[in-house]
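1. Build the 3D model from these lines:
(chains A and B, ligands or ions: 2)
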Amino acid sequence: MKNTLGRRNFIKLTASASGALVVGLHYQSCMPNKQKAENYGFVPLIQIDTDGWVTLIAKNPEIGQGVKTTLPMILAEELGADWEKVRVVQGDFDTSYEEQWAGGSYAVVLNWDLMRTAGARVRHALIAAASQQMEVPASELTTRKGDVVHEKTNRTIPFGELVVSASTITLPEEVDFRPTESYEIVGKICPQVDLEKMVSGTVPYCIDLHLPDMVYATVVKTPVHRGKVQSFDDTQTRSVAGVTNVIELDNSEYGGRLLDANSPNFVNGVAVLANSTWAAFRGAEKLEVVWDNTNSRQEASAGIFKKFHDQLAETSVERQDGNIEEAKKRAVSYVEHVYEVPFLAHVTMEPMNCTVHFRSDICEVWAPTQNPAALEAGLVKLFGLKPEQIKIHLPRIGGGFGRRFYVDYAMDAAILSKKMGKPVKLIWTREEDVKHDWYRPASVQKISAALDENGKVIGWQQILANASRKTSLGRDGGPAGTEIDEYDFPAGFVPNLQFEYGHVLSDVPLGQWRAVGPTATAFAAHSFLNELAVFNKKDHIDYFMEFLGPPRMVPVVGEFKYDTGRLRAVVDKVRQNSGWDTPLQEGQGRGFAAHRQAGSFVAEVVTVEVGGNNQLKIIRVDAVVDCGLVVNPSGAEAQVEGAILEGLCAALYGEITIKDGATVQSNFHDYRWMRLNEIPEMHVEFIKNDLPPRGLGEPPLPPAAPALANAIYAATGKRIRKLPVGSQIQTG
Amino acid sequence: MASFTLTVNNKKRTFSAEPDTPLLWVLRDILGLTGTKYACGKGICGSCTVIVNGKSVRSCAMAIQYIGKDEVLTIEGLSEGADHPIQKAWIAADVPQCGYCQPGFIMSTFDLLSNNPEPSDEEINQALQGNICRCGTYTRIRKAIQIAITETEN
Ligand code: FES
Ligand code: FES
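-> Numbering: from 1, shown residues only, chains lettered A, B, ... in the order given. Ligands and ions are numbered 1, 2, ... in the order given. Sure, this is the predicted structure:
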């Protein structure tokens, strides 16, 4: 295989002062846009020291998705390094790294070629240097476990001895990639980076940072969304020993409440600063704030959902195939159901926090962020800084799930550090985190199907109504931004298909979530398909396979099409693995759903038991995944299990409700998460192939909820059309 | 401010703090032992679990004034080089995802296995029900505990 990134000089070798070979990305010379090119410098990716140690820079933020291990594994593989002699170092934020963010299951997808190209070019340089030294043709040489190897004569030269001469080699435009059959690191179980430190409590998360002269801070934000401070009395707060300052955070001083990835801002409130976290927390508890809620719609959940339901009648068409009305007329039967999903929080285990040291010339930030570019943009916008005055460090992060796409907490910390003239470590309490999240959008969906005399779907109409993420992020008057996408399933599978979107304005702050959109649309679609199978008195999986039709490339939108053969294969396999066709005991049931996202295919079967007292227990989950080549098998399995549990957990308990314009929930007692005693047996299998690796963090999540709801139906005959399952069945 | 002396990870530590400060914040902000994590602050997630006089406690919900001269063991005191049998089991099972909850789970497991070297599944559930892993590493946690039990037996 040839590398496909033919950009000139895109990867460059240099020798460092210590004599090490440093290889990095250098976009400047290949950027067509001169002005943009000036923003790009040289950023290191690989360093080989004369003692043979290889240092690999992990460029993307590590939120627990394993990217700090997975991307370096790809580099090390192409290089032919010895994983035992590889050190991985987290890179700071630098625009020159490009795509330095965590989200959308894209890390491996976007970096696969880049990492391989960088590794392969360095391998080429090392081989060229060894070929001169050994006086044999380069074509007879290869690299393995940190050595250049000449198999014919059984000679080896360690990388460390080649770095000086290799640094003078001119890199070729094109290099070969290693054949996948020869992989020794990719696709193998490699101990993950930071593993020992994580089990020793010595890996530093952002929240663990300590700087000399640092001030501790916390915030009290407006409980009512879109409220602001009218006045506050801090007498009691200041009487708490250790409290030093109380500072109002007013976003109107910084251009108002505009919040999206490109123009971040923060929520109004009051910050308490102290000489310890505890003093700040105690001081915050004692703060008496009078809030101005004149900008609030004073919403309540029931009212919001009523608006969503009403809005189903007033929509815009987002996709139209064939003629749905005509199909309805032709239909022999007609099925229609309505589904509801709630707002969901992220509750990352490490609460929102950020440390900033704002000096006269430089603003230095340590942030648990999935989106450092947005953080930089925010600092530029709020303080008029130039990018070169901003330095962002990316410590290991205690969970992301989309929450840390938004950088509101970092803006808080920056403002406070600037005002204090000192480093500030800001920690939000869990309560603030739950109340001031950017929630997964709630929605109401209505699906109608027109069926022919054989029960085949000839028309599918899916209407989604809700408040849109895009509007919530600051564009009240602007275009809504649909929450049902033209490429959502089952687009491409039904001749007469219509997707519609009804938009409602709301104050509830909305944002990304793991797998976000399909967590609603796939729940409805796959619950509905189960209802159709029941309606037609067919086995769900049989009916689903008929719905998919024979293996073929199905065009979805424009150029985008996919191979239903891969989808069918994961379904077949999960049918086998789960024992789908074997009988269950009384009170037990199996449910199925399948999904395609980020280029990967997943099929899941959930098995539940509902006891005599209506008590639900999830007994077992089977998942089969085709994500192309599996780069990091241990990490991949962990991602699948984590995503499925997150889907199940949200389906069972997840619900943020709104009362008088404020979020009701505040901590893990009223925003429940599954615990060890509730965890089902998990069986995860990957389809083996060496197609290009695709995303994995999100695709296994959306099928979990519909598979669970379908299993509950199979066990009890009770249909769950509204999440969470909550009190509809006794849970946990 | 009052002066306190505690034995933490076998070392005597004398420091001053407000008496109502939870042990969690003493460990983290005063003693620099940041392996013990804050996640809920209300005793409901287990992230801040440490061992006080041989029993696991939620350090976020225990004010320093009630601890007196007790012996405290934190994740940092479990071993020198991540080689306590429980840590080794955690490594073998490649448990952590984000890793943030793991010190709490490990300390809860330490308490369990110190008092009951061969717990049943039910007893494991019982002992670890107070801990939350947001990333969903539970299957591997269970596997790691089984490894630790077998290793300790041998
Ligand atoms: S932080 Fe102490 S139990 Fe959650
Ligand atoms: S590993 Fe992330 S919370 Fe447990």
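
2. name the helices or strands packed onto the helix or strand residue A:319 falls within?
-> Element membership for residue A:319 (DSSP states H and E) is strand A:316-321. Secondary-structure packing of strand A:316-321 (3 or more CB pairs under 8 Å, 6 or more residues apart in numbering or on different chains; DSSP states H and E): strand A:496-503. C-betas here are computed from N, CA, C, even on glycine.

3. can you list the residues that contact the strand it packs on?
-> Strand A:496-503 has contacts (CB atoms under 8 Å, 6 or more residues apart in numbering or on different chains) with A:308, A:311-324, A:326-327, A:450, A:458-468, A:471, A:480, A:482-486, A:488, A:490-491.

4. now the helix or strand that that strand is followed by, how far from the centre of its chain.
-> Next helix or strand after strand A:496-503 toward the C-terminus (DSSP H and E): helix A:516-535. How far helix A:516-535 lies from its chain's middle: 22 Å, per CA atoms, centre = their mean, to the nearest Å.

5. quick one: helix A:516-535 to strand A:496-503, angle?
-> 130 degrees (axes from the mean of the first three to the mean of the last three CA atoms, to 10 degrees).

6. which of the residues in the helix or strand following helix A:516-535 are buried?
-> Tracing the chain past helix A:516-535, the next element assigned as helix or strand by DSSP H and E is helix A:540-548. For helix A:540-548, a neighbour-count test (16 or more other CB atoms under 10 Å in any protein chain shown) marks A:540, A:541, A:543, A:544, A:545, A:547, A:548 as buried.

7. mind listing what's buried in stretch B:140-152?
-> Going by neighbour count (16+ other CB under 10 Å), the buried part of stretch B:140-152 is B:140, B:141, B:142, B:143, B:144, B:145, B:147, B:148, B:149.

8. taking these one by one, which sit in helices?
-> Under the assignment DSSP state H, those contribute B:140, B:141, B:142, B:143, B:144, B:145, B:147, B:148, B:149 to helices.

9. All the helices of the stretch 51-200 of chain A, residue numbers only.
-> Here the stretch 51-200 of chain A has its helices, by DSSP state H, counting those that start in this stretch, at A:67-79, A:107-134, A:163-166, A:195-198.

10. Dump the first one to CSV, restricted to CA.
-> Taking Å, rounded to 0.1, in the frame of the first residue of the first chain, the C-alpha atoms of helix A:67-79 are listed here in CSV:
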residue,chain,number,x,y,z
VAL,A,67,-6.4,7.5,22.0
LYS,A,68,-3.2,8.1,23.9
THR,A,69,-2.4,4.4,23.4
THR,A,70,-4.1,3.8,20.0
LEU,A,71,-2.5,6.5,17.9
PRO,A,72,1.0,5.9,19.2
MET,A,73,0.5,2.1,18.5
ILE,A,74,0.0,3.0,14.8
LEU,A,75,3.1,5.2,14.7
ALA,A,76,5.1,2.5,16.5
GLU,A,77,3.9,-0.2,14.1
GLU,A,78,5.0,1.5,10.9
LEU,A,79,8.2,2.6,12.5
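
11. Give me the average confidence score over that helix.
-> For helix A:67-79, the mean pLDDT works out to 91.

12. could you check whether it is close to chain B?
-> No: Helix A:67-79 stays clear of chain B (CB under 8 Å from any CB of the partner chain), getting no nearer than 9.9 Å.

13. what do you get for the longest one?
-> No: with CB under 8 Å from any CB as the measure, helix A:107-134 is seen stopping short of chain B, the closest distance being 14.3 Å.

14. Same check on the last one?
-> Yes: where contact is defined by CB under 8 Å from any CB, part of helix A:195-198 touches chain B, namely A:195, A:196, A:197, A:198.

15. which residues touch the closest residue to chain B within the stretch 151-300 of chain A?
-> Closest residue of the stretch 151-300 of chain A to chain B, CB to the nearest CB: residue A:201 (1.9 Å). For residue A:201, the contact set (CB under 8 Å, 6+ apart) comprises B:33, B:34, B:35, B:36, B:74, B:75, B:76, B:103.

16. how close does it sit to residue B:37?
-> Distance of residue A:201 to residue B:37, given as CB to CB, to the nearest Å: 8 Å.

17. At the geometric centre of chain B, which residue sits there?
-> Per CA atoms, centre = their mean, the C-alpha nearest to the average position across chain B is that of residue B:107, at 2.9 Å.

18. so residue A:233 makes contact with residue A:288?
-> Yes: Residue A:233 is within contact range of residue A:288, at 4.4 Å (criterion: CB atoms under 8 Å).

19. got the buried residues of helix A:540-548 as a markdown table, with distance to residue A:597 columns?
-> Listed next are these as a markdown table, based on distance: CB to CB, whole Å:
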| residue | distance to residue A:597 |
| --- | --- |
| A:540 | 20 |
| A:541 | 20 |
| A:543 | 22 |
| A:544 | 17 |
| A:545 | 20 |
| A:547 | 18 |
| A:548 | 16 |
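
20. Do any residues in stretch A:224-237 lie close to chain B?
-> No: using CB under 8 Å from any CB, stretch A:224-237 never reaches chain B; the gap is at least 14.5 Å.

21. same question for that stretch, mean pLDDT?
-> Average pLDDT, stretch A:224-237: 96.

22. ok, the residue nearest to the centre of chain B touching residue B:56?
-> Yes: the pair residue B:107 / residue B:56 is scored as a contact, 5.9 Å apart, by CB under 8 Å.

23. Mind listing the shared neighbours of the two?
-> What both residue B:107 and residue B:56 touch, as defined by CB under 8 Å, 6+ apart, is the set B:49, B:50.

24. In the record's domain split, what are the boundaries for the chain?
-> The chain I'm using is chain A. Domain segmentation of chain A under automatic domain parsing yields A:7-200, A:206-295+A:352-427, A:301-344+A:439-727.

25. To clarify, I was referring to chain B.
-> For chain B, automatic domain parsing gives the domain ranges B:2-77, B:85-153.

26. among those, which is nearest ligand 1?
-> Across these, the minimum distance to ligand 1, taken as CB to the nearest ligand atom, is reached by domain B:2-77, at 3.1 Å.

27. Ends of the closest one, what's the gap?
-> Start and end residues of domain B:2-77 are separated by 25 Å (CA to CA, to the nearest Å).

28. Contacts (any at all) between ligand 1 and it?
-> Yes: among the residues of domain B:2-77, B:38, B:39, B:40, B:41, B:43, B:44, B:45, B:46, B:47, B:48, B:58, B:60 lie within reach of ligand 1 under CB under 6 Å from any ligand atom.

29. hmm, that domain touching chain A?
-> Yes: counting by CB under 8 Å from any CB, chain A is contacted by domain B:2-77 at B:18, B:20-22, B:25, B:28-30, B:32-42, B:44-45, B:47, B:74-76.

30. tally of neighbours for the residue in chain B positioned nearest to chain A?
-> When distances are taken as CB to the nearest CB, chain B reaches nearest to chain A at residue B:35, 1.9 Å away. By the criterion of other CB atoms under 10 Å in any protein chain shown, residue B:35 has 26 neighbours.

31. can you tell me which residues contact it?
-> Contacts for residue B:35 were tallied using CB under 8 Å, 6+ apart; they are A:200, A:201, A:202, B:74, B:75, B:76, B:103.

32. where does the nearest residue to the third one once chain neighbours are set aside fall, helix, sheet strand or coil?
-> Which is residue A:202. With sequence-adjacent residues excluded and distances taken as CB to CB, 6 or more residues apart in numbering or on different chains, residue A:202 is closest to residue B:35, at 6.4 Å. The three-state assignment at residue B:35 reads coil, by DSSP: H, G, I helix; E, B strand; the rest coil.

33. Make a markdown table from the buried residues of stretch B:140-152 and add distance to ligand 2 and pLDDT to it.
-> Compiled in a markdown table, the buried residues of stretch B:140-152 are given as follows (distance: CB to the nearest ligand atom, whole Å; pLDDT from 0 to 100):
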| residue | distance to ligand 2 | pLDDT |
| --- | --- | --- |
| B:140 | 9 | 98 |
| B:141 | 9 | 98 |
| B:142 | 13 | 97 |
| B:143 | 14 | 97 |
| B:144 | 12 | 98 |
| B:145 | 15 | 98 |
| B:147 | 18 | 97 |
| B:148 | 17 | 97 |
| B:149 | 21 | 96 |
